[in-house]
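S.K.: I need the structure of the sequence given here:
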Amino acid sequence: MKIGIAADHGGFELKEKLKVQLEKQYLSISDFGADAYDANDDYPDFAIPLAKAVGMGLVDRGIVLCGSGVGACFTANKVKGVRAALLTETYSAHQGVEHDDMNMICIGGRVVGEELAWEIVQAFLKAQYSGEARHERRLDKVKQLEKEQ
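M.R.: Residues are numbered from 1 along each chain as shown. Below is the predicted model of the structure:
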């Protein structure tokens, strides 16, 4: 599985910690920045390239962090093919994949602690989309909306 990760200054410290954990378990980790802490950087500069990579299938799943996770989340969801959610617990991390084929998660670096963030990431990455008819029907409606935009 190819995984992308990105963060602005608000999520930078947590991104670096998660990246270390990810590199221990996954072979393909792409870091979309920031490469260094910069208190004046902007979340779209990192969320957009990662979301585009997810939407184009260059990475299978994306993890983006900012201070609250909110800005990164609404930015990511502007990109065609991205289904991102702001997460603060593990149930939605796996359920969002299993039922909604979620391919990107957003975490608030100032909201979620390191251990919980790692549990959320693991739940997200271990989950698989069920492909059940009811879920496909719902996902098709979302894909239709993207075509209309």
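
S.K.: name the residues that touch the lengthiest helix in the chain?
M.R.: Counting by DSSP state H, the longest helix found in the chain is helix 133-148. Helix 133-148 is contacted by residues 80-81, 83, 99-101, 129 when judged by Cβ atoms under 8 Å, 6 or more residues apart in numbering. Every C-beta, even on glycine, is put in place using the N, C-alpha and C of the backbone.

S.K.: what do you get for stretch 68-80?
M.R.: 6, 8, 10-11, 43-44, 46-48, 50-52, 54-55, 62, 64-66, 82-87, 104, 106-112, 146, 149.

S.K.: can I get the buried ones among these as something I can paste into ChimeraX?
M.R.: Remark: buried members of the contacts of stretch 68-80, expressed as a ChimeraX selection using 16 or more other Cβ atoms under 10 Å:
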select :6,8,10,11,43,44,46,47,48,50,51,52,54,55,62,64,65,66,82,83,84,85,86,87,104,106,107,108,109,111,112
